[in-house]
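Chemist: Prediction below, plus the sequence it came from.
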Amino acid sequence: MTSPMQARGRPLDKDDGDGPRWTFTAAALAALIAYCAMDDYGVLHGDFAVRDAAYILNNQVVQGGLDWKTSILTRDARGDPLGAPHSRQEFRPLTTLSFRANAIFSDEMDTYLYHLTNLVLHTSITFLVGLALGALVFGHDRFHATFAATIMFALHPIHVEAVANAAGRDELLMSFFYLCGMLWYARWTAEASLLKAVIGHLGAGTMMALSIFSKESGIMLSLALTIYELALTFKPRHVLGARMPQTMRNLSFIAVWTSVVFYLRTSYLGLDLVGAPVSPEDNIVGTARDDPMTLALSTSWIYCLYLQDLVYPDYKSYSADWSGESIVLVRSLGDPRCMFIGVFWAALTLLSIGALKLSPRSRHAWLIGFGSLTIPPFLMSSNIFFPAEHTKADRFLYLPSVGVCILFGVIFERLALLDARLGKYASRVLRSIVAVWCCAWVAAMYWRNTLWSSPLRVWELSLSNNPGSTPARINAARQMNQVGSLHAAEILLRPLIGMNSPPDVITLYSSVAADLGNCTFVTDILDASVGKANKELEEAIKDHPDDLAQERRNLSNMLTAYGVCMVLQDIPAAGKVLYSAAVADPTNAFALEQGSNLLRRVELIKMQNARQQQQVELQAQVKDLLKKSAPQVV
């Protein structure tokens, strides 16, 4: 029988006597299931949510406010100049271009093409996962394990955030090119031919560049291929000695094109490898590097939470934001959570030791499944070498979830073998247990999927499950304001309002308070905030006059909020303030909208006054007519 190592260089659908040609069939069927499972009308037509505002709605490159041909290489994923102080250095031009392509063929608030593109990408990635598992991990003779693992990937509830949220495109594109690079490399570098090896490495290097330009985690493809190459050394000694020149050649090629890609990003484009530093407000765990014990324990606790989400994704405990102090740091060994941390690392150690004692074929599958497809894509979000964008997020586990899916595939394979040995009734009981578990899994996926059809539901659930998240509170209030739940929004925002509150919070609260007809609580704060924003703009003009977009937007928002509240007292003065807001930032849709609302309100007042004047004149004419027609008394 041909081993996975020997089958490595053959076409993935070729039948060499190992059984039926099922690899493509299984992968295609799993991809179809993935498409059907996520194909929900509410999600495909749902509103923009969570990160969509920053990456799509407010991104001038995506919306056409800037020429993408000249700005795609000079602006980050949010549309900010890469050299600006507030830029996050998220250089993802392929992701931005895909959003721009959707925007060209969509109306301003039409989300269908954005969500459909994500769904097609998820379907394609599921297909690639099936090919990778069948050809590189399990081999062509383990149908049950490969098919079950691929189905688990297609239906895993933790994937919903990356697929249903339009801004999850970066994770999907990165995973797509990552898997394409893995399969391309495995196909073309298997043989000793130098020409085929060059083709394989050129393709893999290109895929890594495309993956990095989708999301920074794609840089880990070179590490994944290095582990994949080293995994081939787990062979008998005489085979290892014969292959050593080919292995060294491939590792040298990987080092060369990895260095080229590094140079293009860091020196030629002048970008940091992992983006701008992360603030404690976004990831308090990853920035706790002054205390190694706290960092180690807290990061390990995050891993425990991730494992729980991977193995048992409770659909009612989801939160779209885990930034800041949403997760309490583990500061000492006396913390009760250390017991779970110890169990986690002990189980992982035993699992790794057990893998070393497996057969060469099983060790090979272990290294490919976890060393190439699971661990490298997660390293950029693991807080080990550098802090992740946020403390915790489901989208970080999109591709790394392959590892747990592989374990589920092995379990299903063993259950299939056990079922063949059991009696009639025992077999029915086993199948019933598996069926109930699968139904619960699918139900969790479906519930999370339909949750994203409404941004209000997403943030209400996030705030309920994670009350320590300030972004969840702000976004829940924003959604409540849009649907008219003004009192509920005001109650959520009031604890966040103060002299040092962020401009977006003050702006949102002022809008809610103005709609409620009472801006007393925020008046003094608005006065101070307008002065602060104006001072920051003056300092920015001195320090970096070429990029004032952020400072202009902050001042414009503060003036708009101030003008909205002034409408309640002095409409002419409010008009002057709103005009100043539009001048400060002519691209600020919020300022333009409020100015237009005020103009409509003034026109309505004029119309009402004109009607009242007409009524007064009509009444005077009627009285005069009645007076003239009345009989004269002699």
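Modeler: Nice, I can see it. Quantities reported herein were computed from a predicted structural model and do not represent experimental measurements.
Chemist: Thr83: how many residues sit nearby?
Modeler: No, residue 83 isn't Thr; it's Gly. 14 (other CB atoms under 10 Å). In short, each C-beta sits where N, CA and C put it, glycine included.
Chemist: did I read that right, it in a strand?
Modeler: No. Counting by DSSP: H, G, I helix; E, B strand; the rest coil, one finds Gly83 to be coil, located in no strand.
Chemist: While we're on it, how confident is the model there?
Modeler: You'll see Gly83 listed with a pLDDT of 74.
Chemist: Look up how far Thr74 lies from it.
Modeler: 8 Å (CB to CB, to the nearest Å).
Chemist: With Ala440 instead?
Modeler: The value you get for Ala440 to Thr74, if CB to CB is used, is 49 Å.
Chemist: go on, Trp68?
Modeler: 11 Å.
Chemist: and these two? which has more neighbours close in?
Modeler: Comparing Trp68 with Thr74 by other CB under 10 Å, the one with more neighbours is Trp68, at 19 against 14.
Chemist: Just list the residues touching the more buried one, thanks.
Modeler: 61, 96-97, 100 (CB atoms under 8 Å, 6 or more residues apart in numbering).
Chemist: my guess is Asn466 meets Ser326, correct?
Modeler: Yes. Counting by CB atoms under 8 Å, Asn466 touches Ser326, with 5.2 Å between them.
Chemist: Quickly list what's touching both of the two.
Modeler: By CB under 8 Å, 6+ apart, the residues touching both Asn466 and Ser326 are Ser319.
Chemist: Now do the worst-scoring helix or strand of the chain on mean pLDDT: which elements does it pack against?
Modeler: In the chain, the helix or strand scored least confidently by mean pLDDT, DSSP states H and E is helix 589-629, which has a mean of 72. Under the contact definition 3 or more CB pairs under 8 Å, 6 or more residues apart in numbering; DSSP states H and E, helix 589-629 sits against helix 549-566, helix 571-584.
Chemist: So what touches the last one?
Modeler: When you say that, I think you mean helix 571-584. By CB under 8 Å, 6+ apart, helix 571-584 touches 537, 552, 555-557, 559-560, 562-564, 566-567, 588, 591-592, 594-595, 598, 601-602, 605.
Chemist: what's the angle from that helix to helix 549-566?
Modeler: Comparing the axes of helix 571-584 and helix 549-566 via axes from the mean of the first three to the mean of the last three CA atoms, to 10 degrees yields an angle of 170 degrees.
Chemist: ok, the spatially most central residue of the chain to Trp452 distance?
Modeler: Residue closest to the average C-alpha location in the chain (CA atoms, centre = their mean): Gly168, at 3.9 Å. Counting by CB to CB, the separation of Gly168 from Trp452 is 10 Å.
Chemist: which residues do these two both contact?
Modeler: Glu161.
Chemist: helices or strands up against the helix or strand that Thr25 is a member of?
Modeler: Assigned by DSSP states H and E, Thr25 belongs to helix 23-38. Other helices and strands packing on helix 23-38, by 3+ CB pairs under 8 Å, 6+ apart, are helix 112-132, helix 143-155, helix 160-164, helix 424-451.
Chemist: Show residues contacting the second one.
Modeler: Yep, that's helix 143-155 we're talking about. The set of residues external to helix 143-155 that reach it, using CB under 8 Å, 6+ apart, is 19, 22-23, 26-27, 29-31, 33-34, 37, 126, 129-130, 133-134, 137-138, 159, 401-402, 404-406, 408-413, 416, 441-442, 445.
Chemist: how many degrees apart are that helix and helix 23-38 in direction?
Modeler: Inter-element angle recorded for helix 143-155 and helix 23-38: 30 degrees (by the same axes, to 10 degrees).
Chemist: which parts of stretch 519-532 are buried?
Modeler: 519, 522, 525-526, 529-530, 532 (16 or more other CB atoms under 10 Å).
Chemist: what's the spacing between it and its chain's center?
Modeler: 34 Å (CA atoms, centre = their mean, to the nearest Å).
Chemist: quick one: average pLDDT of it?
Modeler: On average, stretch 519-532 scores 79.
Chemist: Just the CA coordinates for that stretch, please, in CSV.
Modeler: The C-alpha coordinates for stretch 519-532 follow below in CSV (Å, rounded to 0.1, in the frame of the first residue of the first chain):
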residue,chain,number,x,y,z
CYS,A,519,-28.4,67.8,26.6
THR,A,520,-27.8,69.3,30.0
PHE,A,521,-25.6,66.4,31.2
VAL,A,522,-23.2,66.7,28.3
THR,A,523,-23.1,70.5,27.6
ASP,A,524,-19.9,71.2,29.7
ILE,A,525,-18.2,68.1,28.3
LEU,A,526,-18.9,69.3,24.7
ASP,A,527,-17.4,72.7,25.4
ALA,A,528,-14.2,71.1,26.7
SER,A,529,-14.1,68.5,23.9
VAL,A,530,-14.4,71.1,21.1
GLY,A,531,-11.6,73.1,22.7
LYS,A,532,-9.4,70.0,23.0
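Chemist: Out of the buried residues of stretch 519-532, the closest to Leu492 would be?
Modeler: Leu492 lies nearest to Val522 out of the buried residues of stretch 519-532, by CB to CB, at 14.5 Å.
Chemist: Let me see the contact set for the residue nearest to the centre of the chain.
Modeler: 51, 118, 161-162, 395, 398.
Chemist: and if you look at Thr74?
Modeler: Per CB under 8 Å, 6+ apart, neighbours of Thr74: 81-82.
Chemist: One more pass at 6 Å, please.
Modeler: By CB atoms under 6 Å, 6 or more residues apart in numbering, no residues touch Thr74.
Chemist: Okay, angle between the helix or strand harbouring Met174 and helix 112-132 too, please.
Modeler: Element membership for Met174 (DSSP H and E) is helix 169-188. Angle, helix 169-188 to helix 112-132, by the same axes, to 10 degrees: 30 degrees.
Chemist: packing partners for the helix or strand following helix 169-188?
Modeler: For helix 169-188, the succeeding helix or strand toward the C-terminus, using DSSP H and E, is helix 194-212. Here helix 194-212 touches helix 169-188, helix 237-263, going by 3 or more CB pairs under 6 Å, 6 or more residues apart in numbering; DSSP states H and E.
Chemist: out of those helices, nearest to Pro376?
Modeler: helix 169-188 (8.7 Å).
Chemist: and the angle for that closest one with helix 237-263?
Modeler: Using the same axes, to 10 degrees: helix 169-188 against helix 237-263 is 140 degrees.
Chemist: what sits up against helix 169-188?
Modeler: 8, 92, 94-95, 98, 118, 121, 125, 128, 136, 162, 196, 199-200, 203-204, 207-208, 210-211, 214-215, 217-218, 221, 225, 395, 398-399.
Chemist: Nearest residue to Tyr562 in space, please, no chain neighbours.
Modeler: Leu526 (4.7 Å; CB to CB, 6 or more residues apart in numbering).
Chemist: That neighbour falls within a helix, correct?
Modeler: Yes. Using three-state DSSP, the secondary structure at Leu526 is a helix.
Chemist: I'd guessed it sits against Thr560; true?
Modeler: No. Contact criterion CB atoms under 6 Å: Leu526 and Thr560 do not qualify, at 10.4 Å.
Chemist: how's the chain carved up into domains?
Modeler: As assigned by automatic domain parsing, the chain contains the domains 21-46+111-444, 484-603.
Chemist: Quick one, which of those domains gets closest to Ile474.
Modeler: So among the domains of the chain, domain 484-603 is nearest, using CB to CB, at 6.0 Å.
Chemist: Any idea how far apart the tips of that closest one sit?
Modeler: Length of domain 484-603, first residue to last, CA to CA, to the nearest Å: 24 Å.
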